[in-house]
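Colleague: no sequence on this one, just coordinates:
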């Protein structure tokens with residue numbers, strides 16, 4: 001036995017990875033439908049908190065044990081949605097008939113529909129905000145142009161007024177009148 005024998009450290013062990021299966025996917029999608037994190041604005045703390053709530057709710061399950069965080073939940077949902085979309089596109093193009101849906105497929109369709117509705121609502125809000133900003137910008141430019149026109153008119157009046165008035169030459173009599 002050598003004096004430099006490797007003794008595994010408890011902290012150096014990598015945590016065991018969680019295996020996703022259909023049952024866990026169904027629970028994930030049900031939880032996402034319950035919490036609806038996609039209704040919050042993207043890249044906000046509110047949306048992050050909702051994803052964290054989904055992860056916490058899943059981690060509290062005991063029958064299928066979960067060990068996930070908010071990023072893992074979000075990424076896995078996006079992955080299974082993409083796989084589902086590819087699968088449906090492939091099945092519809094090859095057979096020409098719509099395949100029979102499993103519980104997972106039905107839940108995925110519902111999630112996809114809700115996400116699309118939420119995205120449409122966000123897009124409508126963005127369009128309204130953009131229109132409002134453009135309107136305000138146009139109004140501000142009109143006000144600025146009116147102010148510039150008034151300034152230009154004032155300068156023009158001063159120039160025209162000065163040209164119309166003749167300069168009086170100062171002679172001795174005028175100076176005497178001023179003194180008296």
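Modeller: Yes, it's here. The shown structure was predicted, so the numbers you read here are calculated from the model rather than taken from an experiment.
Colleague: now for the longest helix seen in the chain, which elements pack on it?
Modeller: Taking DSSP state H as the criterion, the chain has its longest helix at helix 103-164. Under the contact criterion of 3 or more C-beta pairs under 8 Å, 6 or more residues apart in numbering; DSSP states H and E, helix 103-164 touches helix 22-35, helix 70-95. Backbone N, C-alpha and C define where each C-beta goes, glycine included.
Colleague: tilt between it and helix 70-95?
Modeller: Helix 103-164 and helix 70-95 are oriented at 110 degrees to each other (axes from the mean of the first three to the mean of the last three C-alpha atoms, to 10 degrees).
Colleague: thinking again about what came up before, what's the most buried one of the helices and strands packed on helix 103-164?
Modeller: Of all these, helix 22-35 has the most neighbours on average by mean count of other C-beta atoms under 10 Å, namely a mean of 17.
Colleague: Tell me which helix or strand comes right after that one.
Modeller: Under the assignment DSSP states H and E, the closest C-terminal helix or strand after helix 22-35 is helix 45-59.
Colleague: Give me the average confidence score over that following helix.
Modeller: Helix 45-59 carries an average pLDDT of 96.
Colleague: how about low-confidence regions in this structure?
Modeller: Residues of the chain meeting the criterion pLDDT under 70: 1-16, 96, 98-99, 157, 161-180.
Colleague: Pick out the residue nearest the middle of it.
Modeller: residue 42 (4.0 Å; C-alpha atoms, centre = their mean).
Colleague: excluding its backbone neighbours, what's nearest that residue?
Modeller: residue 122 (7.6 Å; C-beta to C-beta, 6 or more residues apart in numbering).
Colleague: Repeat that for residue 20.
Modeller: Among residues not flanking residue 20 along the chain, residue 76 sits closest, at 6.2 Å (C-beta to C-beta, 6+ apart).
Colleague: so how far is residue 69 from the one you found?
Modeller: 11 Å (C-beta to C-beta, to the nearest Å).
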